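Engineer: Please work out how this folds:
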Amino acid sequence: MKSNIYNAETESLSDLFDWNGYRVFIFSQKNLDKSTNNEDIAFFDSSNNGAVFGVCDGVGGYPMGKDAAELASKTIIEHFHSSGDTIGFLSALENASNKMRDFKVGARTTAAFALIMNEKIKFYSIGDTEIFYTNTRGRVIYYSIPQSPVGYAVEAGLMDGEESLDAPDRNIVSHLLGDESLRFESSSSIDVKKGQTIFIGSDGVFDNLTKEEAITIAAGGSFDESAKKLEALFIDIKAKESWKKNDDISFVMMRKIRS
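Structural biologist: Alright, predicted model coming up:
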C-alpha cells in the first residue's frame, strides 16, 4: 500500500513509482512568483485491490486555499479507506464542502480524482481541474469538462483550445467545493486496459497547454520519457516567453503497464 499527499512548498517535487501493474508519476510545483502557499494538493492512496488519486486546487483569491484543498484530499482518502462506495464519494465531498463553509472565510477548492477498483476506473470532478483518459494510440476515452464559461464554450465548439488559453475570463470557475450549490461530474465505471493513460492536472497545466498538447506528450511513447518531458517543461517555465500563466502546477499521470 502507498499513501502520499504532494504539495511542493518551494520549487518542485516529483515521484515515479509502480503500483499493482501501473506506472505512476506525480508532479508538484509552487508558483515562485507569489509569497503565499502552494494551494495545489496532489494525492495517491492505495489498498490491496484499489487506488484513489487526483488533484485538488485551492482557489486563488479566496482565503485558506491550501486548507480547503487539503480538506478535500483527506476527505477523499478517508472515504476510500472507510467504505470505497463509489456513490458515497459525492456525499463525502458535500460534507467537505460544508466544512469549508464552516471556516467562515469563503474558502474554495476544485477536486478531480479517479478511483480504480478491480480493474475498473471511475472519475469525479468539480471545478476546472481537468482529467483525460486515453487508449494506447492517444485517442480520448473520457475527459472532464472544465466547469467554467471558457470550458463550456470549448465543449460547445464556440472556441478552440488554442483560443481558450487567451480568453480574458479564463479564471472564472462556475462550480467549486465551498459553494452553497454544488454540481459534480462523474463517469461510469470503465474497464482499464494495458497501455491506457490517465492524466489529472490543475489549471496551472491547462492554462499553458491545450488538452491536445498535453495528450500528445502524456500518451505518446515511453511513459518515463513522457514524465521527464512534462517535468522539464514545467520546471523550465520561467524560460518560456510564450508561457501564458505562472501558477501552482500539479498533476498525476498513470498508465497500466501490465495486464
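Engineer: Could you measure from the nearest residue to residue 169 once chain neighbours are set aside over to residue 130?
Structural biologist: Leaving out its chain neighbours, the residue that sits closest to residue 169 by C-beta to C-beta, 6 or more residues apart in numbering is residue 149, at 5.7 Å. Quick note: C-beta positions are derived from backbone N, CA and C, even for glycine. Distance, residue 149 to residue 130, by C-beta to C-beta, to the nearest Å: 15 Å.
Engineer: what separates stretch 16-24 from the chain centre, distance-wise?
Structural biologist: A distance of 18 Å separates the C-alpha centroid of stretch 16-24 from that of its chain, computed with C-alpha atoms, centre = their mean, to the nearest Å.
Engineer: again with stretch 65-76
Structural biologist: 13 Å.
Engineer: Make 55 the first number, not 1, from now on.
Structural biologist: I'll keep to 55 as the first residue from here, and by that count the last item is stretch 119-130.
Engineer: Identify each buried residue in the helix or strand bottoming out on mean pLDDT in the chain, please.
Structural biologist: Sorted by mean pLDDT, DSSP states H and E, the helices and strands of the chain end with helix 215-218, the least confident at a mean of 81. Going by neighbour count (16 or more other C-beta atoms under 10 Å), the buried part of helix 215-218 is residue 218.
Engineer: any low-confidence regions in the chain?
Structural biologist: Low-confidence segments of the chain, defined by pLDDT under 70, are located at 55-57, 138, 291-297.
Engineer: Let me see the ranges of the helices in the stretch 105-254 of the chain.
Structural biologist: Under the criterion DSSP state H, counting those that start in this stretch, helices of the stretch 105-254 of the chain are mapped to 119-136, 142-156, 203-209, 215-218.
Engineer: Could you look over those helices and pick the most buried one?
Structural biologist: Using mean count of other C-beta atoms under 10 Å, the stretch among these with the largest mean neighbour count is helix 119-136, at a mean of 22.
Engineer: by contact count, what packs against that one?
Structural biologist: Contacts defined by 3 or more C-beta pairs under 8 Å, 6 or more residues apart in numbering; DSSP states H and E place helix 119-136 against strand 57-60, strand 94-100, strand 104-111, helix 142-156, strand 165-171.
Engineer: quick one on the thing from earlier: now the helices of the stretch 105-254 of the chain in a markdown table, with distance to residue 248?
Structural biologist: Written out in a markdown table, the entries for those read as follows (distance: least, C-beta to C-beta, whole Å):
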| stretch | distance to residue 248 |
| --- | --- |
| helix 119-136 | 24 |
| helix 142-156 | 26 |
| helix 203-209 | 30 |
| helix 215-218 | 28 |
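Engineer: I appreciate the help and will end here.
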